[in-house]
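Q: here is the input, now give the coordinates:
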Amino acid sequence: MSVDNAASKENEKRSLVAMRGIVKKFPGVLANDHIDFSVETGQIHALLGENGAGKTTLMNVLYGLYQPEEGELYFRGRRVQLTSPRDAIQLGIGMVHQHFMLIPPLTVAENVILGLKHSTNPILDLDDAHKKISELSKRYGMPVKPQDEVWQLSVGEQQRVEIIKALYRGAEVLILDEPTSVLIPQEVSELFHVLRRMAEEGKAIIFISHKLDEVMQVSHKITVLRDGKVVATLDTENTSENELARLMVGREVLFRIEKEESKLGDVVLKVSDLDAFGDKGLLALKGVSFDIRAGECVGFAGVSGNGQRELAEVISGLRSANAGSIQIGDADLTNRPPVEIIRAGLGYIPEERHRVGSIGDFTVAENAILETHQSHFTQGLFLDRAAIKQHVSDLITNYDVKTPSAETPTRNLSGGNLQKLILGRELARRPELLLAAQPTRGLDVGATEYIRQELMRARDQGTAILLISEDLDEILSLSDRILVMYEGQIVGELSCEEADIETLGLMMGGATV
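A: Numbering: from 1, shown residues only. Predicted structure coming up:
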C-alpha cells in the first residue's frame, strides 16, 4: 500500500462520510471529475463553487439520487452503495433541498412521518409522532407545532420542519443546500445556532452556500469545486472571502459594486393605494404607494411572503389589482395585459427564472426573442431568421451567456447563464422600467457580480429599477432608496446611507425602528 493510499484509508476511518474518486457524467458534461470529499463527526464542512461546478451533483450522489460511473463511498469506514435516497436515509444521511419537499395541505407531523413505516403498523400513531417532534423541536431550539398545517408556516418555519424531518429519520449526516437563501438575518443566526448545536452533538453537516460571509461564520472546513474538480480544501480559520471567491471563479471578484451618484429624471413608475389578493384568498397588498424616477434604483426588502411577489405580478400584469392604480410614464396600466405593459416600457426579470422567465423546452434563440418576436423579428407572416440569428449572437456575446449553441434548450443552461440570457433579453429592449425580482438568488459569486454590474449600468443610463431582493447585501449595495415590506404594507423607507442590515432585519420582522 502506498503512503497516499494509507493516508486515504486513515482519513476514511476518521470520517463519518468519505467519497473517493467520484465521477459522474451526463450527455456532453463531466459533472464530477474524480472528486475526493469527506466530512468528519462534529464538523460543519462547506461546499463552494460556481453554478455548474458540480456541488449539487456530488451531493445527489451522496444522497443516492445519482449513481456514479466511478468512485467509492464510505460510511464510518465501511464501503457502501447507495441506489436510492431510501438507502441513504437508512444509513443516516439526510438532505434539505433548496426547494423544500413538503406537502402544504398536510400538517407538520404528517409531513415528517410521510413514507415511514411505524412501529404500530398498520395503525398510524400521530400522538407518538407529535411527542417525538416536540422533543426534537425543544432539543435543538427549532419551535414548530406538530399540528400546524405547512401552508400556514413561514419559510423559516418550513425549513425547520425539513431539518426535523431529517433528524426524525435518524440523520447523522445532514446536507443543507442553500439553506439561508430565503431567511432574514435573525433567522440565519438561529439556524447557525442549531447547526453548531448539532455539530457539538457529533453530527456532520455539509453546508452548500453562495454566501461567503456565512460560510466563514459557520463552517470548520471548506471545499471549493470548479469545473467539476476539487481546487482546494481549506480550514476556515486559514482562509478569507477574497481567497475563496478567487478559487471559485479563477479571478479576483468585486464584492461591493461601485455606483455613481444617481442622476434622477422624471417619475417613470407611480403606484397608488394598491390592493391585491394573494393565492390564498387573503389581502396580500394593502394600500401600497410609491414612485420611482428615471436613473434611480429602489430596493424592496422583506421576508418572503410579505407581498413582494404579488407586487411584482400586479405591476407586470400577471395578477389583478383589487384597488389602486399603476402608471408607467403617462399611461395608466392598472390591470392591463402583460403585452401592453411591456410595450409601455417594462422589462421584467421574474424571481422564478425557470417557470416564468423562460420556457425550458425552447432553445436559447427562441427564449431570447420572447415578448418581441412579433414586432422586431418578422417579415410579413414569417420569422426573420437572419435577424434573429444576429440578435441572439450579439446577446450571447454581450451578456456572456455560456451555451453550447443558440439551439440548446434553456433547461440545459446553468442558473447563472439562464439569468444572463433573461437579463440580456430584457435590457436589449431598452426598457424605461426594469423590475428585477430576486435577480441573483441561487447564483454563484461570479454570476452575481455580473448581474449586479449590469443592473447598475442600466440605472446609470437612465433606466428606473425596481429591485426586489431578500439578499440585504444586494439591497444595500445597489439601492438609492430602500422600502421595507411587512404583511403587505410598506412599513418604512431608508436611504442607502442610513440603512444597515440590523435595522433592515428588524423592520422586515415587523419591529418598529
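Q: wait, K270 touches D291, no?
A: Yes: applying CB atoms under 8 Å as the test, K270 and D291 come out as touching, 4.5 Å apart. (C-beta placed from N, C-alpha, C; glycine too.)
Q: mind listing what S405 touches?
A: With contact set as CB atoms under 8 Å, 6 or more residues apart in numbering, S405 has these partners: V364.
Q: next, it: phi, psi?
A: Main-chain dihedrals, S405, degrees, to the nearest 10: phi -170, psi 170.
Q: give me the domain ranges for this structure.
A: With domains defined by automatic domain parsing, the chain comprises 3-249, 256-345+432-513, 359-430.
Q: closest one to E352 among those?
A: Distance to E352, taken as CB to CB, is lowest for domain 256-345+432-513 among those, at 8.6 Å.
Q: what residues sit buried inside the helix or strand hosting E449?
A: Here E449 sits within helix 445-460, counting by DSSP states H and E. Neighbour-count burial for helix 445-460, counted by 16 or more other CB atoms under 10 Å, picks out 445-452, 454-456, 458-459.
Q: try stretch 107-117
A: Neighbour-count burial for stretch 107-117, counted by 16+ other CB under 10 Å, picks out T107, V108, A109, E110, N111, V112, I113.
Q: you'd agree A88 is up against L82?
A: Yes: between A88 and L82 there is a contact under CB under 8 Å: 5.2 Å.
Q: determine the residues that are contacts of both of the two.
A: Common neighbours of A88 and L82 (CB under 8 Å, 6+ apart) are L62, Y63, G64.
Q: which among those residues gets closest to K203?
A: The closest of these, once distances to K203 are taken by CB to CB, is L62, at 14.9 Å.
Q: and T397, how far from R481?
A: Separation of T397 from R481 (CB to CB, to the nearest Å): 34 Å.
Q: where are the low-confidence patches of the stretch 151-300 of the chain?
A: For the stretch 151-300 of the chain, the stretches with pLDDT under 70 are 181-182, 184, 251-256.
Q: helices of that one, start to end?
A: In the stretch 151-300 of the chain, the segments counted as helices under DSSP state H, counting those that start in this stretch are 155-168, 185-200, 212-218, 241-249.
Q: nearest to D361, of these?
A: helix 155-168 (29.4 Å).
Q: and the angle for that closest one with helix 185-200?
A: Counting by axes from the mean of the first three to the mean of the last three CA atoms, to 10 degrees, helix 155-168 lies at 10 degrees to helix 185-200.
Q: so which elements touch helix 155-168?
A: Under the contact definition 3 or more CB pairs under 8 Å, 6 or more residues apart in numbering; DSSP states H and E, helix 155-168 sits against strand 93-96, helix 108-113, helix 126-140, strand 173-177, helix 185-200.
Q: now distance to G307 too, for the ones you listed, in a markdown table please.
A: Formatted as a markdown table, those follow (distance: least, CB to CB, whole Å):
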| stretch | distance to G307 |
| --- | --- |
| strand 93-96 | 26 |
| helix 108-113 | 25 |
| helix 126-140 | 29 |
| strand 173-177 | 27 |
| helix 185-200 | 18 |
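Q: so which of those comes closest to L225?
A: Among the helices and strands packed on helix 155-168, strand 173-177 comes nearest to L225, with 13.9 Å by CB to CB.
Q: show me the contacts for the nearest residue to L427 once chain neighbours are set aside.
A: Nearest residue to L427, sequence neighbours excluded (CB to CB, 6 or more residues apart in numbering): A458, at 5.8 Å. By CB under 8 Å, 6+ apart, the contact list for A458 reads L427, L434, I465.
Q: pick the most buried one from the helices of the stretch 151-300 of the chain.
A: The highest mean neighbour count among the helices of the stretch 151-300 of the chain, using mean count of other CB atoms under 10 Å, belongs to helix 155-168: a mean of 21.
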